[in-house]
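Q: got a predicted structure here, sequence first:
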Amino acid sequence: MQNSPIKIGFVTVSDRASRGEYEDLGGPAMQEWMKRALTNEWQPVARVIADEQGLIESTLKELADGEQCCLILTTGGTGPAKRDVTPEATAAVCHKILDGFAEQMRAVSLEYVPTAILSRQIAGIRGESLIINLPGKPSAIGECLAAVFPAVPYCIDLIHGPYLETDEAFINAFRPKHALKSQA
C-alpha cells in the first residue's frame, strides 16, 4: 500500500445536505483539519449521503475496500435521534472497535458542552482502514480530532497502512521509539 497514493475518506451523513437543502460544513471542516495536520501528499475521497444505515455501511465498505482509504472520517448521525445510525453502520462494517477513541472524544467534548454525553460516535478497524465517527459541528470536529489524532498514525501503522507524517507545529503524532520511520 505504501506505493499507492494515500487516500483519506470523508463522509458527511446528513439527509438535508445530501438533498442539497443544507450546506455541508462538516465535510470541508474535516478536510481542512487534515490539510493542516498531515505533511504527506494525500487525496480526499468525499461523500455526502443520507442517514440510511445500509447506505452508510455500503459507503464505508466502498471507501475501505474499493478506494483503499487508510483513514475514513465521518461526521453526523451520532446523536440519539431516531435517524442517527452512523455508529450502528460503523460497528456493522468494522472487524474491531476501538473504544478509547470514543471515550476520549466524549471526554474532550464535555469540556465544551454538557450535551456531549448524548454523542454515540465510535471508531473501528475494517481491513487496513481506520474509521472514526466525529460530531457534526465543525468546531467539535476540530476539538475531537485534536484529542485523538496523536494516536491515529501509529494505529494506521499497526494495520499496515501508509506512514502518516504530521506537521508538529499543528499536531504531534505519537509513535513508540521502535516504530519511528528512521529506525524502520
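A: Done, it's in.

Q: surely Pro176 is in contact with Ala151?
A: No - counting by Cβ atoms under 8 Å, Pro176 does not reach Ala151; the two are 11.4 Å apart. For every residue, glycine as well, the C-beta is placed using N, CA and C.

Q: neighbour-wise, which of the two wins?
A: Ala151 (18 against 8; other Cβ atoms under 10 Å).

Q: how much space between the residue nearest to the more buried one when sequence neighbours are not counted and Ser109?
A: Of all residues not flanking Ala151 in the chain, Phe174 sits nearest, at 6.4 Å (Cβ to Cβ, 6 or more residues apart in numbering). Distance of Phe174 to Ser109, given as Cβ to Cβ, to the nearest Å: 21 Å.

Q: between those two, point out the one with more neighbours.
A: Between Phe174 and Ser109, Ser109 has the larger neighbour count (other Cβ under 10 Å), namely 22 against 12.

Q: thought Ala116 was touching the more buried one, still the case?
A: Yes - the pair Ser109 / Ala116 is scored as a contact, 3.4 Å apart, by Cβ under 8 Å.

Q: so which residue is smack in the middle of the chain?
A: The residue lying closest to the centre of the chain (Cα atoms, centre = their mean) is Leu73, at 2.4 Å.

Q: may I ask you to confirm that that residue is in contact with Ser129?
A: No - contact criterion Cβ under 8 Å: Leu73 and Ser129 do not qualify, at 10.9 Å.

Q: name the residues contacting each of these two.
A: Gly9 (Cβ atoms under 8 Å, 6 or more residues apart in numbering).

Q: next, the buried residues of the least confident helix or strand in the chain by mean pLDDT.
A: Here the helix or strand of the chain ranked lowest by mean pLDDT, DSSP states H and E is helix 15-18, holding a mean of 93. Judged by neighbour count (16 or more other Cβ atoms under 10 Å), helix 15-18 contains these buried residues: Ala17, Ser18.

Q: now swap in stretch 166-174 and tell me
A: Quick answer for stretch 166-174 (16+ other Cβ under 10 Å): Thr166, Ile171, Ala173.

Q: just name the closest of the residues you listed to Lys7, please.
A: For these, the minimum distance to Lys7 (Cβ to Cβ) is 17.3 Å, reached by Thr166.

Q: ok, Asp15 - contacts?
A: Ala50, Asp51, Arg83.

Q: possible to save the residues you listed as a markdown table with secondary structure and neighbour count?
A: Shown next, in a markdown table, are the contacts of Asp15 (DSSP: H, G, I helix; E, B strand; the rest coil; neighbours: other Cβ atoms under 10 Å):
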| residue | secondary structure | neighbour count |
| --- | --- | --- |
| Ala50 | coil | 15 |
| Asp51 | coil | 20 |
| Arg83 | coil | 14 |
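
Q: what's the lowest-pLDDT member of these?
A: Ranked by pLDDT, those bottom out at Arg83, which has 93.
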